[in-house]
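[1] following is a predicted model, sequence given first.
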Amino acid sequence: MATSAPAKRNTRWQRFKRDRFLLLLALPGVTLVLLFQYVPMLGNVIAFKDYQPYLTISESPWVGFANFEVIFNGDPAFLNALKNTLIISFLQIVVVFPIPIALALLLNSLLSERIKRVVQSVLYLPHFMSWVIVVALFQHMLGNAGIYNNWARQHDLPLLGIIGDPDLFFALITSQAIWKDAGWGTIIFLAAISRVDLELFEAVAVDGGGRLRQLWHVTLPAIRSVIVLLLILKLGDVLTVGFEQIVLQQGQVGLETSEVLDTYVYNRGIVGGNWGVSAAVGLVKGLVGAILVLGANKVAHLFGERGIYSKW
Amino acid sequence: MVTTIDRRTTSPRPPGGPGRRRTINGAPVPHPAVRGLKGIVLLLCCAVVVLPFVAVISTSLADQEQITNAGGYVLWPTNPSFDAYAAIFRGGVVTRATLVSVGITVVGSALSVSVVALLAYSLSRPGSWGHRPILLLVLFTMLFNAGMIPNYLLMKELGLIDSYWALILPGLTSAFQVIIMRAFFMEVPREIVDAARIDGAGELQILTRIMLPLSKAVIAVIALFNAVAYWSAFFNAVLYINSTEKWPLQLVLRTYVVDNTQIGTDLPGEVVPPQQSLQMAILVVSLIPICLVYPLLQRHFAKGVVIGAVKG
């Protein structure tokens, strides 16, 4: 023991000396991660404090779990934000999620490679537009004074009131999400399909199966693990719904239908000055999100899928 | 055998009798009606993406007379003029915001790709000193995010409120990008690196002479994705930037194009172009950089994203 300990320390020191340049390269990145990811995690202590901007974080008095009362006692504004968040997430999973799958299958079934490439180039483009651009486009296309309603008025056609109507807000943000990301979403499914061995398709055909059977027995199983993976990621994100998208349009429809958890944290904390309460809501949201990802991953393993963390 | 079919040669009817039916992957070519329906669906999808952009560009080029006649927007400028662009680039709010956004985008994406590449390289050699803890430190940030309030307070403590660095620094590192780039570096055969080391190359030379040239594609993808992200970011400026003269373009876009604030008085000189043209011109300016990098992105991203997805 007495001889091995210094020897071990020695090798560790030698490894450090050998790798010191590598560590130097890691330094800027590690510093930024620590400063902008981990220091804010510590900043979450203000969830347990009565933070006031004129005091520093350490000077603010401890209040225990008082800030968490909005969550556990069910503050109506908080519950409303939670409800809207869950409704929007539900729509994201049930309505938005399957569209790229269908679109990918459709694109994959095209006969001409050239047409396929052109369609892909067009449909990927909206993904790279900022939310400000997407919201601006929707307003100028579908708004009350927008291009469609102008045209409809001139031709005595029914007007479209989707912009600015609280009752249609969920439909609006769902269609914006589809417009922006449905095309882009196909990329990962198309990649999975492209890795399928062509002989599998032919084996189905030899057995007398048509294109539908090929779809059912070869293509869909090939993308199943990708679907599961993306669903896991989505489940981990159920409490996070398009913050920029919603904040941009909140003024038109009011908080009743448009307040979600992230906007609640913003409106209550940074706008309203209730720092402790909104930090508490943000902290619980982050923790629940992490638990959901880990939980969904576990469930995926139980069903024999690879999940996201298996390799790490 | 796999027969690919060119749409042009099979339309309207496949040549040859029923004895020579053409097949894809062994299954018969679908009925023309099915193929027609697919074509129509995809054409509609493309139209929904393309038409808004056509209307925006056309309206930005239209003059007052045509806009009045059309009742607001035009789908094709009969008498195109660049007056609206001249007006927003004569100085004033849009000119300034464009320069701010270009600066943030260039500095941000250059710094971020450097930081990510250095960190990824230093993590690409399992067994080096501190490899596991640093990797875990980076990976954990994918699972848990500190939240908006602590991030805001950190910026305040650092004195970065109303500084451009508040828009640049937090986005420099991304765990996901580090993982993708690390995977690329680890693909590089060990023998090449060892050979270079025997020839006397140091870490920096290995990185710049071997790793970076071999990973050009992924570096381009990450740089371009970060450029798009910096260009598109909107809410961080709402949070951290107080003075209007430091606004990036997305905030100007929100104010004048989404919220429809009258822009006339905020521009120098006599403003002749109609409001709609000005709004649409601002929108086009915000689109231009995206459209410039889009072909580059497209050439690379499929590869980058797919490999990221497979290895991630």
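    Yes, it's here. Numbers count the residues shown, from 1 in each chain, chains lettered A, B, ... in the order given.
[2] going forward, measure contacts and count neighbours with C-alpha atoms only.
    Will do.
[3] three-state assignment of residue A:132?
    helix (DSSP: H, G, I helix; E, B strand; the rest coil).
[4] gap between it and residue B:49?
    16 Å (CA to CA, to the nearest Å).
[5] of those two, which one has the most company?
    Under the criterion of other CA atoms under 10 Å in any protein chain shown, the comparison of residue A:132 against residue B:49 puts residue A:132 first, with 26 against 18.
[6] which residues does that one contact?
    Residue A:132 sits next to A:245, A:248, B:234, B:250, B:253, B:254, B:258 when contact means CA atoms under 8 Å, 6 or more residues apart in numbering or on different chains.
[7] which one of the residues you listed is nearest to residue A:144?
    residue B:258 (12.9 Å; CA to CA).
[8] where's residue A:100, which helix or strand?
    helix A:98-108 (DSSP states H and E).
[9] counting contacts, what elements does that helix pack onto?
    Applying 3 or more CA pairs under 8 Å, 6 or more residues apart in numbering or on different chains; DSSP states H and E, one finds that helix A:98-108 makes contact with helix A:169-194.
[10] list the helices and strands the helix it packs on packs on?
    Packed against helix A:169-194 by the contact rule (3+ CA pairs under 8 Å, 6+ apart) you find helix A:76-91, helix A:98-108, helix A:113-124, helix A:131-142, helix A:220-236, helix A:243-253, helix B:275-311.
[11] neighbours around residue A:229, how many?
    20.
[12] how close does it sit to residue B:141?
    Applying CA to CA, the value for residue A:229 to residue B:141 is 19 Å.
[13] measure the closest residue to residue A:67 other than its chain neighbours to chain B for me?
    Spatial nearest neighbour of residue A:67, excluding adjacent residues (CA to CA, 6 or more residues apart in numbering or on different chains): residue A:277 at 4.6 Å. Counting by CA to the nearest CA, to the nearest Å, the gap from residue A:277 to chain B is 10 Å.
[14] I'd assumed residue A:269 was in contact with residue A:277.
    Yes. Contact criterion CA atoms under 8 Å: residue A:277 and residue A:269 qualify, at 7.2 Å.
[15] of those two, give the one with the bigger neighbour count.
    Taking neighbours as other CA under 10 Å, residue A:277 and residue A:269 compare with residue A:277 leading, 26 against 19.
[16] report the mean confidence score over the helix or strand containing the more buried one.
    Residue A:277 belongs to helix A:275-302 when assigned by DSSP H and E. Here helix A:275-302 scores 89 as its mean pLDDT.
[17] what does stretch B:166-180 give?
    Mean per-residue pLDDT for stretch B:166-180: 93.
[18] if we can go back for a sec, out of the contacts of residue A:132, who has the most neighbours?
    Within the contacts of residue A:132, most neighbours by other CA under 10 Å means residue B:250, with 26 neighbours.
[19] how near is the nearest residue to it once chain neighbours are set aside to residue B:103?
    Leaving aside its chain neighbours, residue B:250 sits nearest to residue B:234 (5.6 Å; criterion: CA to CA, 6+ apart). Applying CA to CA, the value for residue B:234 to residue B:103 is 15 Å.
[20] look at the closest residue in space to residue A:252 that isn't next to it in sequence and report its pLDDT.
    Nearest non-adjacent residue to residue A:252, counting by CA to CA, 6+ apart: residue A:164, 5.1 Å away. Looking at residue A:164, its pLDDT stands at 86.
[21] residue contacts, residue B:297?
    B:220, B:221, B:224, B:225.
[22] kindly recompute the last result at 10 Å.
    B:217, B:220, B:221, B:222, B:223, B:224, B:225, B:290, B:291, B:304 (CA atoms under 10 Å, 6 or more residues apart in numbering or on different chains).
[23] same question for residue B:252.
    A:132, B:93-94, B:96-98, B:234, B:244, B:258-259, B:261, B:263, B:282-283, B:286.
[24] wait, residue B:64 sits on residue B:275?
    Yes. The pair residue B:64 / residue B:275 is scored as a contact, 9.0 Å apart, by CA atoms under 10 Å.
[25] circling back to that earlier point, off-centre distance for the helix holding residue A:100?
    Counting by CA atoms, centre = their mean, to the nearest Å, helix A:98-108 is centred 20 Å from the centre of its parent chain.
[26] before we move on, what about stretch A:98-112?
    Relative to its chain's centre, stretch A:98-112 lies at 23 Å (CA atoms, centre = their mean).
[27] next, the buried residues of that stretch.
    Across stretch A:98-112, burial judged by 16 or more other CA atoms under 10 Å in any protein chain shown covers A:99, A:100, A:101, A:103, A:104, A:105, A:106, A:107, A:108, A:109, A:110, A:111.
[28] contacting residues for the residue nearest to the spatial centre of chain B?
    With distances taken as CA atoms, centre = their mean, residue B:228 lies nearest the centre of chain B, 3.3 Å away. Taking CA under 10 Å, 6+ apart as the criterion, residue B:228 is in contact with A:128, A:129, A:130, B:105, B:109, B:222, B:289, B:290, B:293, B:294.
[29] by how many degrees do the helix or strand hosting it and helix B:275-311 diverge?
    Secondary structure assigned from DSSP H and E places residue B:228 in helix B:216-232. Angle, helix B:216-232 to helix B:275-311, by axes from the mean of the first three to the mean of the last three CA atoms, to 10 degrees: 140 degrees.
[30] how many neighbours does residue A:96 have?
    Residues within reach of residue A:96, counting by other CA under 10 Å, total 20.
[31] quick one: it and residue A:171 touch, right?
    No. With contact defined as CA under 10 Å, residue A:96 does not count as touching residue A:171 (11.1 Å).
[32] quick one: residue B:58 and residue B:278 touch, right?
    No. In this structure, residue B:58 is not within contact of residue B:278 by CA under 10 Å, at 11.7 Å.
[33] of these two, who's got more company?
    Per other CA under 10 Å, whichever of residue B:58 and residue B:278 has more neighbours is residue B:278, with 27 against 21.
[34] the closest residue to the more buried one other than its chain neighbours: which element?
    Take residue B:278 and drop its neighbours on the chain: the residue closest to it by CA to CA, 6+ apart is residue B:84, 5.1 Å away. Per DSSP H and E: residue B:84 is located in helix B:83-88.
[35] and that helix, what does it pack against?
    Judged by 3 or more CA pairs under 10 Å, 6 or more residues apart in numbering or on different chains; DSSP states H and E, the packing partners of helix B:83-88 are helix B:32-61, helix B:93-122, helix B:275-311.
[36] brilliant, that's me finished.
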